[in-house]
Structure formats: structure tokens, C-alpha cells
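Undergrad: Below is the sequence, then the predicted model.
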Amino acid sequence: MSLGLPGPCCQFTNCPSLVFRIPGVQLHTTGALMGASVEDFNNAKAQLGTLKKDPGNHVKLKIYALFKQATQGPCNTPKPGMLDFVNKAKWDAWKSLESVSQEEARQQYVDLIKSLVSAEGPAVATPPPESAQAFQSLLVTTEDGITTIRFNRPEKKNAITLDMYKELIDALHHAGKDDSVITVMTGSGDFYCSGNDLNNFTGIPQGGIEKMAKDSGELLKHYVKAYIDFPKPLIAVVNGPALGVSVTVLGLFDVVYATESATFHTPFSQLGQSPEGCSSYTFPKIMGNAKASEMLLFNKKVTATEACNLGLVTEVFPDGSFQSEVWTRLKAYAKLPPKSLALSKQLIRSKEKEKLHAVNDAEVERLIERWLSDECMQAIMNFFQAKPKL
Ligand SMILES: CCCCC/C=C/CC(=O)SCCNC(=O)CCNC(=O)[C@H](O)C(C)(C)COP(=O)(O)OP(=O)(O)OC[C@H]1O[C@@H](n2cnc3c(N)ncnc32)[C@H](O)[C@@H]1OP(=O)(O)O
């Protein structure tokens with residue numbers, strides 16, 4: 001029977017004992033039974049509204065009774081009639097706490113809400129207020145010391161729209177400052193990411209295509225800068241095929257784990273474009289000029305194992321055990337001392353930062369020209385007309 005009370009869970013529960021046991025809920029009884037401040041109480045009240053799961057009538061009655069006892073003291077209203085089931089249940093619940101002081105009730109209320117919140121499991125990472133609603137195409141979570149930024153447009157193979165670049169910049173800035181130890185980037189669905197969304201270049205905005213190319217160049221520069229300047233270990237969990245700009249920035253990650261069936265493809269000349277993400281510098285450095293040229297000039301798609309042999313990928317895992325093996329490892333990494341990790345990463349990268357920023361600037365300058373070229377426009381039109389698979 002639903003008790004049909006208004007509001008989220010702020011109305012109910014019935015339990016005569018002071019320490020209540022609710023299946024699956026670990027109560028945070030700290031022993032400081034009278035320690036909850038009014039502020040704690042108000043915070044708990046606010047948290048109650050964020051619960052995603054209905055805790056059930058039994059718990060709701062308890063919450064109701066504790067709330068009434070904490071705010072009004074012992075029950076002082078007339079007993080409802082036998083047939084007024086809902087109000088009778090509420091009255092009984094409140095009445096059962098009459099020997100509990102208001103302070104105790106406040107503490108128990110706070111403990112109960114905390115327990116319910118923590119029983120729901122780790123919360124989705126709260127993005128900074130200014131971008132709280134901005135993550136339309138990403139899933140960002142923080143758990144076990146790991147902030148995970150997940151491309152989340154599986155129906156479009158996680159292609160990156162203009163808004164998504166902005167979201168990624170925001171998410172990276174936030175992850176760089178939050179209290180997580182490592183940051184992980186991965187994809188939803190069967191692709192890691194299919195690179196730049198080719199629709200980014202199809203509509204001609206006010207200001208013409210020159211302005212569009214310039215604005216896109218600025219955005220790309222900031223996007224790549226967010227990787228160059230990222231202050232803590234950044235790990236790619238490549239769960240499927242990766243294309244274009246999602247491959248090129250891998251040279252700026254600290255570790256790249258890939259599932260066996262992942263592929264790595266940078267079809268720039270096929271698209272009339274040129275390399276970005278600092279790959280014109282990092283790829284030759286990682287794999288040598290000849291191998292980098294096969295990928296960046298001649299569109300060679302490489303398998304995960306080949307990418308690992310080239311040094312772009314750190315390690316390849318069987319598809320069947322990829323997720324479990326990788327996340328077990330990442331959780332262990334996230335237990336390492338955070339400052340030591342961040343400072344060591346910065347030492348490794350700092351020597352190159354200036355160089356990387358200069359490469360980023362030069363690559364973007366070249367791309368702005370490319371985006372205005374017939375070669376590039378034709379290639380994009382071809383994709384949408386014939387939808388060739390790269
Ligand atoms: C600020 C601007 C910065 C710009 C930086 C520049 C970066 C350069 C690059 O990133 S170059 C790489 C660009 N990417 C591509 O060229 C990939 C194009 N896509 C494909 O070749 C294929 O879609 C595929 C190989 C990724 C997947 O093929 P598959 O057959 O498995 O799936 P579909 O083709 O049916 O794809 C499903 C839907 O997703 C759409 N889609 C996939 N990738 C993109 C993309 N990059 N841009 C736009 N749309 C993409 C595809 O069109 C399908 O949509 P539909 O269901 O509406 O038909």
C-alpha cells in the first residue's frame with residue numbers, strides 16, 4: 001500500500017527503537033547522538049529531495065516522525081480515527097518517539113538521511129555550477145578517486161560537436177581541480193569516438209565560412225590546450241574504434257589502455273585536412289617519422305596491437321576482460337598518493353609544454369586554411385552524400 005504522502009520522502013516512517021535497521025542501509029551512527037547542528041539538519045533535509053530511489057513507506061514514516069520530533073517535540077495532536085489509515089500511521093510513528101529528545105531526533109534524522117544517500121552509491125560528479133547543465137553529450141562521474149569523462153553520443157559514434165568540445169574543456173578544467181587522483185576518458189557504446197562531427201562544418205553561420213573556420217580554430221586550440229595543461233594523470237580507456245582528433249590527442253595522455261578490437265585512424269588527407277592535437281609533433285616522437293607519416297599522411301588505420309607496438313597505446317587487453325582488468329588497475333592507481341602522482345606527471349611533461357603550445361598554434365593555423373579549401377569541403381560533402389566508411 002502506498003502511503004501517498006506529498007513531497008519526496010519528507011513525511012514518513014515508523015519505528016519505535018532509537019537505532020533503526022533498514023535492509024541495505026548502513027547507518028552512520030557516529031556515537032555523537034546529540035551532535036547534529038541545525039545546519040546539518042537543514043542540509044539533510046535538502047539532501048532528502050535528491051534521493052533517486054523511493055526508500056519505502058517504512059523508512060518514510062521514520063523520517064516523518066523524526067522530523068516532527070526534532071522540530072516540534074513530542075506528538076501533541078489528537079489521535080486520528082481508526083479509518084484514517086495514513087494519518088493514524090503518521091501519528092503513531094511520531095508518538096512512538098515521545099521519549100526521544102529533540103536533539104537526539106535531529107541527530108537520528110541526519111544519520112538516517114546520510115545512510116540513505118550513501119546506500120544509493122556514488123553520486124554522479126557534480127560539475128561546477130556554471131556548467132551544471134552543460135553536459136549534454138558527456139557523462140562525468142567521480143568515484144574511488146577517479147573522475148571519468150565519458151563521450152556520450154553512442155548513436156553518432158561519439159562524434160564531437162562544437163558544444164561537446166566546450167563541454168570537454170569544462171569537464172577537463174573541473175577534473176583538474178577536483179579531489180580525484182586520476183582522470184579517465186572513455187566512450188559510451190561500441191566506439192571510443194569518431195572524431196570531429198563533420199556537421200560542424202556544414203552550416204554556414206552568420207559571418208561566413210571564414211569566421212566559422214576562425215572560431216573553430218580558436219575552439220580547437222583551447223580544447224587541445226586543456227590536454228597540454230592537464231595537471232594530473234590522464235588515462236584513455238579506448239573501448240572501441242577511435243578516429244581523428246580523438247586519436248591525435250592520445251599523444252598528450254599519460255597512459256592509453258585499449259581493447260583488442262579498437263582501431264586508430266587519422267584520415268586527414270582523405271578529408272583534405274591536416275593533423276591536430278599536437279600529433280604532428282607527438283606522433284613522430286612516439287613512433288618515428290616513417291610510421292607517423294603512414295598514419296598522419298596516408299590514412300593508415302592501425303589495430304590496437306599495432307598501436308601498442310608503435311608506442312601510442314600502453315597496453316592492449318582482450319575484449320572480454322577489458323573493462324574489469326582496466327578498472328581494477330585504475331582503482332589501484334587511484335590509491336597512490338595524489339600529490340606525488342600529479343607532481344611527477346608535471347615533471348615529465350613540463351619540459352615540453354612550451355613546445356606543445358607552439359605546435360598547437362601552428363597546427364590550428366594550418367587547419368583554418370584547410371577548412372576553407374575545396375579539398376576539405378568536397379570531402380565533407382562526400383561523407384554526407386555517399387556516407388563512405390573510412
Ligand atoms: C572545433 C573543430 C575542431 C575540428 C578538429 C578536426 C578534427 C579532425 C577529425 O576528427 S577527422 C575525423 C572525422 N571523422 C570522420 O571522418 C568519421 C566519419 N564517420 C565514419 O566514417 C563512420 O560513420 C564510422 C566509421 C565512424 C562509423 O561507421 P558505422 O557504419 O559503424 O556507423 P554509421 O556511419 O552508420 O554512423 C552512425 C551515425 O553516426 C554518424 N557519425 C559517425 N561519425 C560521425 C562524424 N564524425 N561526424 C558526423 N556524424 C558521424 C553517422 O553519420 C551516422 O548517423 P546517421 O545514423 O544519422 O546516419
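TA: In hand now; what should we look at?

Undergrad: For burial, what's the neighbour tally of the residue of the stretch 151-300 of the chain found nearest the ligand?
TA: Using C-beta to the nearest ligand atom, the point where the stretch 151-300 of the chain gets nearest to the ligand is Gly244, with a distance of 2.1 Å. Any C-beta I mention is one placed from the backbone N, CA and C, and that applies to glycine too. A total of 25 residues lie near Gly244 under the criterion other C-beta atoms under 10 Å.

Undergrad: Excluding chain neighbours, what is closest to it?
TA: Spatial nearest neighbour of Gly244, chain neighbours left out: Gly195 (2.5 Å); criterion: C-beta to C-beta, 6 or more residues apart in numbering.

Undergrad: Pull the number of nearby residues for Asn289.
TA: By the measure other C-beta under 10 Å, the count of residues near Asn289 is 11.

Undergrad: now Ile146
TA: Around Ile146 sit 20 other residues, with neighbours defined as other C-beta under 10 Å.

Undergrad: which residues touch it?
TA: Under the criterion of C-beta atoms under 8 Å, 6 or more residues apart in numbering, the neighbours of Ile146 are Ser180, Val181, Ile182, Thr183, Val184, Leu330, Lys331, Ala334.

Undergrad: Then Glu315?
TA: For Glu315, the contacting residues are Tyr257, Ala258, Cys308, taking C-beta under 8 Å, 6+ apart as the criterion.

Undergrad: Among these, name the ones in helices.
TA: The helices, defined by DSSP state H, take in Cys308 from the contacts of Glu315.

Undergrad: possible to save the contacts of Glu315 as TSV with pLDDT, distance to the ligand and neighbour count?
TA: Shown next, in TSV, are the contacts of Glu315 (pLDDT from 0 to 100; distance: C-beta to the nearest ligand atom, whole Å; neighbours: other C-beta atoms under 10 Å):
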residue	pLDDT	distance to the ligand	neighbour count
Tyr257	98	21	26
Ala258	98	17	29
Cys308	98	21	18
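
Undergrad: one step back: of the contacts of Ile146, which belong to helices?
TA: Here DSSP H is the test, and those give Leu330, Lys331 as lying in helices.

Undergrad: Now intersect the contacts of Ile146 with the strands, please.
TA: Using DSSP state E, the subset of those located in strands is Ile182, Thr183, Val184.

Undergrad: just checking: which of the residues you listed also lie near the ligand?
TA: Counting by C-beta under 6 Å from any ligand atom, the subset of the ones in strands among the contacts of Ile146 that neighbours the ligand is empty.

Undergrad: need these in a markdown table with neighbour count and pLDDT, can you?
TA: Putting those into a markdown table (neighbours: other C-beta atoms under 10 Å; pLDDT from 0 to 100) gives the following:
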| residue | neighbour count | pLDDT |
| --- | --- | --- |
| Ile182 | 25 | 98 |
| Thr183 | 25 | 98 |
| Val184 | 25 | 98 |
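
Undergrad: Show me the shaky parts of this protein.
TA: Residues of the chain that meet the criterion pLDDT under 70 lie in 1-35, 121-134, 386-390.

Undergrad: let's go with 80 and repeat that
TA: Low-confidence segments of the chain, defined by pLDDT under 80, span residues 1-36, 49-54, 56-59, 61, 82-85, 114-134, 203-205, 386-390.

Undergrad: Get me the contact residues on it for the ligand.
TA: Along the chain, the residues adjacent to the ligand under the rule C-beta under 6 Å from any ligand atom are 156-157, 159, 162, 165, 194-200, 216, 219-220, 243-245, 271, 273, 276, 383, 389-390.

Undergrad: out of the residues you listed, which are buried?
TA: Among the residues of the chain next to the ligand, those scoring as buried are 156-157, 159, 162, 165, 194-198, 200, 216, 219-220, 243-245, 271, 273, 276, 383 (criterion: 16 or more other C-beta atoms under 10 Å).

Undergrad: Let's check: the centremost residue of the chain is which one?
TA: Val140 (1.1 Å; C-alpha atoms, centre = their mean).

Undergrad: wait, isn't that residue in contact with Leu168?
TA: No - the pair Val140 and Leu168 fails to qualify as a contact (C-beta atoms under 8 Å) at a distance of 9.8 Å.

Undergrad: Next, show the common contact partners of these two.
TA: By the contact definition C-beta under 8 Å, 6+ apart, Val140 and Leu168 are jointly contacted by Ile149.

Undergrad: chain center to the longest helix belonging to the chain, what's the gap?
TA: Ranked by residue count under DSSP H, the longest helix found in the chain is helix 338-371. Averaged C-alpha coordinates place helix 338-371 at 23 Å from its chain's average position (C-alpha atoms, centre = their mean, to the nearest Å).

Undergrad: At which residues are the strands of the stretch 101-250 of the chain located?
TA: 138-143, 146-151, 182-187, 234-238, 242-243 (DSSP state E, counting those that start in this stretch).
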